[in-house]
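> okay, sequence plus prediction incoming.
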Amino acid sequence: MFGTGPRTRLYKTADRWICLAVQNDEQWHAVERSLGIDGFTSMDNGHAIETLSAALRVLAASEAFRLLDDAGVPCEIEDDQFAMRLFDDPQFRDAGLVTTVQQAQVGRFEQFGHMWTFSETPTRIAGPPLIVGHDTVDIMSEIGFAQGDIDSLLADGVILQSTLRQERAL
């Protein structure tokens, strides 16, 4: 899948891919003006995708980006190394998109942090990923399994209970 429609979609350029994230009609008209496509904004979705694909296919991604970005159109050139560099970028860390946590099995490591924020509701990182089997015995007991049955399931390898414990901020 390349997107949800012509406004939010990946398009192939002459050398790479570019993603459009058009949010409103003003930006949609800016696409039309920046690429010189007459009547583009009144086309049905299928025709708009075909027309925009043809216009972008002949441009280098850097040129398409320059034209669209200069016109105020939200867009970005694909970057297959983005996720690898994300953790080394101080801007992402400062924005809370990357955080460092301690996990009982792995130790200290970095993971994605706050992917979004809300105007009035604070967000927080509740802790590291859970340990597989961390709460198995507790949950099985809570839902009514007898300890002997739990022990049998553990012995048969049907369920797992980790011996490692870690604190979680719930």
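Nice, thanks for sending it over.
> just the C-alphas of stretch 138-150, formatted as CSV.
This file holds the C-alpha atoms of stretch 138-150, laid out as CSV (Å, rounded to 0.1, in the frame of the first residue of the first chain):
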residue,chain,number,x,y,z
ASP,A,138,-0.1,-14.3,39.4
ILE,A,139,-2.5,-14.1,36.4
MET,A,140,-3.3,-17.8,36.4
SER,A,141,-4.0,-17.6,40.1
GLU,A,142,-6.2,-14.6,39.7
ILE,A,143,-8.4,-16.3,37.1
GLY,A,144,-8.9,-19.3,39.3
PHE,A,145,-6.3,-21.9,38.5
ALA,A,146,-5.2,-24.0,41.5
GLN,A,147,-1.6,-23.9,42.4
GLY,A,148,-1.2,-27.6,41.5
ASP,A,149,-2.6,-27.1,38.0
ILE,A,150,-0.3,-24.1,37.5
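> and the contacts of it?
Stretch 138-150 is contacted from outside by 137, 153, 159, using CB atoms under 8 Å, 6 or more residues apart in numbering. (Glycine included, C-beta is placed from N, CA and C.)
> show me what counts as buried in it.
Using 16 or more other CB atoms under 10 Å as the test for burial, stretch 138-150 gives 140, 145, 150.
> what mean pLDDT would you report for the helix or strand harbouring the last one?
In this structure, residue 150 sits in helix 147-155 according to DSSP states H and E. When pLDDT is averaged along helix 147-155, the result is 95.
> that helix: how far from the chain's middle?
Between the centre of helix 147-155 and the centre of its chain there are 40 Å (CA atoms, centre = their mean, to the nearest Å).
> need the buried residues of stretch 138-150 in TSV with distance to residue 3, can you?
Converted to TSV, these look like this (distance: CB to CB, whole Å):
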residue	distance to residue 3
140	44
145	47
150	48
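> which helix or strand in the chain has the lowest average pLDDT?
Here the helix or strand of the chain ranked lowest by mean pLDDT, DSSP states H and E is helix 82-86, holding a mean of 84.
> residue nearest the centroid of this structure?
For the chain, residue 115 is the residue whose C-alpha lies nearest the centre (CA atoms, centre = their mean; 7.8 Å).
> hang on, that residue packs against residue 97?
Yes: counting by CB atoms under 8 Å, residue 115 does reach residue 97; the two are 6.9 Å apart.
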